[in-house]
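**Q** Return a 3D structure for these sequence lines:
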Amino acid sequence: TEHTLIRGLTGSDYRLEIAKVALLETVQWRVTSNVDQITPDMFKTALQLNMLTTMHKRDKKGHLVVYFKLLDPLPSDPWIIVKAAVWHLEKAAKLAEQKGVCQTLFVIDIENLKYATMPPFEVLKQVAHILQYYYPERLFRAYICFAPWVFRMIWKMVSGLLTENTKKKIIVPDWNASSNWETFKDVIDKETLLKRHGGDLESQYSYEWELEQYQKTNAYKEEV
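**A** Here you go, the predicted structure:
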């Protein structure tokens, strides 16, 4: 669609050749992966980790709010992070468009980040590639919270994987601000924000809840 083409061009920092390659690669990936037919049971192990969660709460503009919590210890199979990312990106894209928007807001908790819990670079590279190539301009904003000192060194490496347009959407509040609703109040209502970040929301996410939501609604089945 026209909107897809515009997202692809914007997400590629308006570099036409890169946008063309991304679009062709995206079509091939969606066909070969059969991503339009995915169901929660295909991602059961990844979803049971509760690493990426959403209770279908939205920000003030209607964007779905998705939470990410870096685990300690890291899963024995770090590629499971990619699986969890695909499920939530696909679901978020479909739910977002029900409200006339196309983007998602992420709140990312990396308090547990250290060299022992840092996902392998190839995993980070793949997640960045999926986000920017297969879901271009789906990111509204990302708050990276509770960032320890080691994040600054890791960010120098990871930021090179992102387009300038994507980097402009990333906010890294300091430690105290990460748990203060004032940091998020312009975009997220207090009842939508987890208590850990100064809001009122208690996370009740589980794989069983995800499966129940999928089975009782056709929300996830709309075309991206």
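
**Q** From here on, just use CA atoms for contacts and neighbour counts.
**A** Will do.

**Q** name the element the nearest residue to residue 62 once chain neighbours are set aside belongs to?
**A** Among residues not flanking residue 62 along the chain, residue 99 sits closest, at 6.1 Å (C-alpha to C-alpha, 6 or more residues apart in numbering). In the assignment (DSSP states H and E), residue 99 maps to no helix and no strand.

**Q** quick one, strands of the chain?
**A** Assigned strands in the chain, in chain order: 52-53, 64-69, 104-109, 139-145, 170-171 (criterion: DSSP state E).

**Q** Could you export those to CSV, including columns for mean pLDDT and mean neighbour count?
**A** Written out in CSV, the entries for the strands of the chain read as follows (pLDDT from 0 to 100; neighbours: other C-alpha atoms under 10 Å):
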stretch, mean pLDDT, mean neighbour count
strand 52-53, 94, 23
strand 64-69, 95, 22
strand 104-109, 96, 22
strand 139-145, 95, 20
strand 170-171, 95, 14
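
**Q** Of all those strands, which one comes closest to residue 26?
**A** Of all the strands of the chain, the one in closest proximity to residue 26, counting by C-alpha to C-alpha, is strand 139-145 (16.6 Å).

**Q** partners of the closest one, with directions?
**A** strand 104-109 (parallel), strand 170-171 (parallel) (DSSP bridges).

**Q** how about these in CSV, adding distance to residue 127?
**A** Converted to CSV, the strands paired with strand 139-145 look like this (distance: least, C-alpha to C-alpha, whole Å):
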stretch, distance to residue 127
strand 104-109, 14
strand 170-171, 15
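
**Q** Select, out of these, the one closest to residue 59.
**A** Counting by C-alpha to C-alpha, residue 59 lies closest to strand 104-109 out of those; the figure is 7.6 Å.

**Q** Pull up the gap between the residue nearest to residue 79 when sequence neighbours are not counted and residue 43, please.
**A** Nearest non-adjacent residue to residue 79, counting by C-alpha to C-alpha, 6+ apart: residue 123, 6.2 Å away. Distance from residue 123 to residue 43, counting by C-alpha to C-alpha, to the nearest Å: 17 Å.

**Q** What of residue 30?
**A** 17 Å.

**Q** Would you mind telling me which of these two has the busier surroundings?
**A** Ranked by neighbour count (other C-alpha atoms under 10 Å), residue 30 and residue 43 place residue 43 first, with 16 against 13.

**Q** can I assume that one is in contact with residue 83?
**A** Yes: because the distance of 6.8 Å satisfies C-alpha atoms under 8 Å, residue 43 is recorded as touching residue 83.
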